[in-house]
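# for reference, the sequence and a predicted model appear below.
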Amino acid sequence: MTTASMITIKDKQFEPFIHHEQIAEKVAALAERLNADYVGRNPILIAILNGAFMFAADLVRHLNFDHEIQFAKFSSYDGMDTTGTVRELIGLSIDIRDREVIIVEDIIDTGTTMYNLLPQLEAKGAKSVEIATLLMKPGKLRVPLNVKYCAMEIPNEFIVGYGLDYDGIGRNYKSIYVVKEA
Ligand code: IMP
Ligand code: MG
C-alpha cells in the first residue's frame, strides 16, 4: 500500500479498506437475498439519512420486486464516538400500518440506533420490520439485535467513505477507508 492512496480528513489519516468493486459485489449479493425473500410483498424501504444514501441508491438498482422507498432521518453521530442520544425518526411521509418494512442502514456499531428505532416502527403499526445494513461491527454490539440482512462484517474500527463520514466529511468516496491510528 502506498501513502499516495491514503486520505486525510481533518486531524485523521485513513487508508484503503474495502475497494468499491468488493462493495458492489456484496451489495448485489445482499440484493439477491432480498429478491428471493420479498417477491409479492411490496415492502417499504426506509433508508436512514445521511449515511445510507449511497448504499440505498446502489441496492435498489438490483431489486426486482415492487417496493417503495422513503428517506428518513434521526440521530446525530458526533465525531468518532456514539452520542448515545437517539431521537425520533423524522421525515416519514407514508403510512406504514400493516406494511412490511425494510430499514436500510449504513452501519451498525453499538446497535443503539436500530434498537431504539424498532419499537417506533412497531408503534406505527408495521406488519414486519427487518434490517438491511451495509456494514456491522459485531464486536461492538451492546444490545440484542436481529440483523437479518448484512452485506459485510468488519472489526471495531472507524471507517469513512461510501456514504459514511468523519465529522461530516468523506461521504463521497466510492471505496471505504479505515482510520490509521497514529
Ligand atoms: P450505533 O447506534 O452505535 O449502532 O451507531 C450507528 C450509527 O453510527 C451509524 O448509522 C453511523 O451513522 C454511525 N457510525 C458507526 N460507526 C461508524 C463508522 O465507523 N464510521 C462512520 N459512522 C459510523
Ligand atoms: Mg447512520
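Happy to help now that I have it. Ligands and ions are numbered 1, 2, ... in the order given.
# if I look at the residue nearest to Ser175 when sequence neighbours are not counted, how far off is ligand 2?
Nearest residue to Ser175 in three dimensions, chain neighbours excluded: His20, at 4.5 Å (Cβ to Cβ, 6 or more residues apart in numbering). For glycine as for every other residue, the C-beta is placed from the backbone atoms N, C-alpha and C. Remark: distance between His20 and ligand 2 (Cβ to the ion, to the nearest Å) = 19 Å.
# quick check: His20 touching Lys174?
Yes - counting by Cβ atoms under 8 Å, His20 touches Lys174, with 4.3 Å between them.
# give me the common contacts of those two.
Tyr162 (Cβ atoms under 8 Å, 6 or more residues apart in numbering).
# what does this protein put close to ligand 2?
Gly51, Asp106 (Cβ under 5 Å from the ion).
# redo that, cut-off 6 Å
Counting by Cβ under 6 Å from the ion, the chain comes close to ligand 2 at Ile48, Gly51, Glu105, Asp106.
# may I have the secondary structure class of the first one?
Classification of Ile48 by DSSP: H, G, I helix; E, B strand; the rest coil places it in strand.
# list the residues that contact it.
Here Ile48 is in contact with Phe71, Ala72, Lys73, Phe74, Ile103, Val104, Glu105, Asp106, Thr113 (Cβ under 8 Å, 6+ apart).
# cool, the second one as well?
Applying Cβ under 8 Å, 6+ apart to Gly51 gives the contacts Glu105, Asp106, Ile107, Gly163, Leu164, Asp165, Arg171.
# could you rerun that using 7 Å?
Going by Cβ atoms under 7 Å, 6 or more residues apart in numbering, Gly51 touches Asp106, Ile107, Gly163, Leu164.
# filter those down to the buried ones, ChimeraX style.
Remark: buried members of those, expressed as a ChimeraX selection using 16 or more other Cβ atoms under 10 Å:
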select :106,107,163,164
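# lowest-pLDDT helix or strand in the chain?
Lowest on mean pLDDT, DSSP states H and E among the helices and strands of the chain sits helix 112-123, with a mean of 93.
# now the phi/psi pair for Gly111, please.
Phi and psi for Gly111, reported as degrees, to the nearest 10, are phi 90, psi -10.
# so who does it touch?
Contacts of Gly111 (Cβ under 7 Å, 6+ apart): Leu141, Arg142, Val143, Leu145.
# what residues does the chain have near ligand 1?
Residues of the chain lying close to ligand 1 (Cβ under 6 Å from any ligand atom) are 51, 77, 82, 105-113, 158-159, 164-165.
# between those residues, which is nearest Arg33?
Using Cβ to Cβ, Glu105 comes nearest to Arg33 of those, at 15.6 Å.
# can you tell me how far the closest one is from Lys12?
Using Cβ to Cβ, to the nearest Å, we find Glu105 at a distance of 23 Å from Lys12.
# higher neighbour count, those two?
More crowded of Glu105 and Lys12, by other Cβ atoms under 10 Å: Glu105, with 25 against 20.
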